[in-house]
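K.L.:
Show me the folded form of this:
(2 chains)
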Amino acid sequence: DAGVTQSPTHLIKTRGQHVTLRCSPISGHKSVSWYQQVLGQGPQFIFQYYEKEERGRGNFPDRFSARQFPNYSSELNVNALLLGDSALYLCASSLITEQFFGPGTRLTVL
Amino acid sequence: KQEVTQIPAALSVPEGENLVLNCSFTDSAIYNLQWFRQDPGKGLTSLLLIQSSQREQTSGRLNASLDKSSGRSTLYIAASQPGDSATYLCAVNTAGNMLTFGGGTRLMVKP
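P.N.:
Okay, here's the model as predicted:
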């Protein structure tokens, strides 16, 4: 079985632009979570979705939004990009409690 | 608010040593605790999951313990190898599968 997949692998944007990151969970997993990892730090929780509904939101501005589709895949959208949004964005899926992470999307904002 | 701290931040050891990585958390009301490995620029690989009712979990050369009342977990790596070099992260699950991570321990095992 494939693990969690994310696309794209790398992305370069300029300040003020918007970006959409995509995640496909492990087959059968209905919960998807998003995390931001700034270089040298641990990941920080952004969103969790379960059965297409938002179940949790971290301390991130409204420029960050997400959604989950009927096939349980998910998108993370970030508007009005800032230099500080440069980070590795990680997606995780879970069946019950153990979380499995994808390879991440490296976003660079210039 | 849950806070997770990992000590030490970095560790360099010669191959073959047994070592202990520490993780502490401020709120003992957790569902579980997970240890992850992260190679540079890569995603997270789950190593061990300890439920709040458990005291320890083992996988190969890895052993993780949990003392929920004192807010501590340790990851023990036996007979370290150069391939163990990576960043090790602990994360606690306090509510609804939302993980709070520590800052990680960067481990270097020298041949």
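K.L.:
Show me the residue of chain B that gets nearest to chain A, please.
P.N.:
Chain B approaches chain A most closely through B:Phe101 (3.4 Å), counting by CB to the nearest CB. Backbone N, C-alpha and C define where each C-beta goes, glycine included.
K.L.:
What's opposite that residue in the beta bridge?
P.N.:
With DSSP bridges as the criterion, B:Phe101 is bridged to B:Ala91.
K.L.:
For chain B, which segments count as strands?
P.N.:
Under the criterion DSSP state E, chain B carries strands at the ranges B:4-7, B:10-14, B:19-25, B:32-38, B:44-51, B:56-59, B:62-67, B:72-77, B:86-95, B:98-101, B:105-110.
K.L.:
Residue numbers of chain A in contact with chain B?
P.N.:
Within reach of chain B by CB under 8 Å from any CB of the partner chain, chain A has these residues: A:4, A:31, A:33, A:35, A:41-45, A:48, A:55-56, A:58, A:88, A:90, A:92, A:94, A:97-104, A:106.
K.L.:
Among the residues you listed, name the buried ones.
P.N.:
Burial by neighbour count, 16 or more other CB atoms under 10 Å in any protein chain shown: within the residues of chain A next to chain B this picks out A:4, A:31, A:33, A:35, A:42-45, A:48, A:55, A:58, A:88, A:90, A:92, A:94, A:99-104, A:106.
K.L.:
Pull the contacting residues for the closest residue in space to B:Ser69 that isn't next to it in sequence.
P.N.:
With sequence-adjacent residues excluded and distances taken as CB to CB, 6 or more residues apart in numbering or on different chains, B:Ser69 is closest to B:Ser28, at 6.1 Å. The contact partners of B:Ser28, by CB atoms under 8 Å, 6 or more residues apart in numbering or on different chains, come to B:68-71.
K.L.:
how much space between B:Ser28 and B:Gln2?
P.N.:
Distance, B:Ser28 to B:Gln2, by CB to CB, to the nearest Å: 10 Å.
K.L.:
for A:Ser24, same thing?
P.N.:
Distance of A:Ser24 to B:Gln2, computed by CB to CB: 29 Å.
K.L.:
Which one's more surrounded, those two?
P.N.:
A:Ser24 (21 against 17; other CB atoms under 10 Å in any protein chain shown).
K.L.:
next one: phi and psi at that one?
P.N.:
When read as degrees, to the nearest 10, the backbone of A:Ser24 gives phi -120, psi 120.
K.L.:
and it, what does it touch?
P.N.:
Contact analysis of A:Ser24 by CB under 8 Å, 6+ apart lists A:2, A:4-6, A:73.
K.L.:
rewinding a little: mind putting the strands of chain B into TSV with distance to A:Gln17 and mean pLDDT?
P.N.:
Listed next are the strands of chain B as TSV, based on distance: least, CB to CB, whole Å; pLDDT from 0 to 100:
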stretch	distance to A:Gln17	mean pLDDT
strand B:4-7	33	96
strand B:10-14	35	96
strand B:19-25	37	97
strand B:32-38	28	96
strand B:44-51	27	95
strand B:56-59	43	96
strand B:62-67	42	97
strand B:72-77	40	97
strand B:86-95	30	93
strand B:98-101	28	94
strand B:105-110	32	97
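K.L.:
Could you export those strands as JSON lines, including distance to A:Ala66?
P.N.:
Output for the strands of chain B, formatted as JSON lines (distance: least, CB to CB, whole Å):
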{"stretch": "strand B:4-7", "distance to A:Ala66": "23"}
{"stretch": "strand B:10-14", "distance to A:Ala66": "33"}
{"stretch": "strand B:19-25", "distance to A:Ala66": "26"}
{"stretch": "strand B:32-38", "distance to A:Ala66": "22"}
{"stretch": "strand B:44-51", "distance to A:Ala66": "19"}
{"stretch": "strand B:56-59", "distance to A:Ala66": "31"}
{"stretch": "strand B:62-67", "distance to A:Ala66": "31"}
{"stretch": "strand B:72-77", "distance to A:Ala66": "30"}
{"stretch": "strand B:86-95", "distance to A:Ala66": "18"}
{"stretch": "strand B:98-101", "distance to A:Ala66": "14"}
{"stretch": "strand B:105-110", "distance to A:Ala66": "30"}
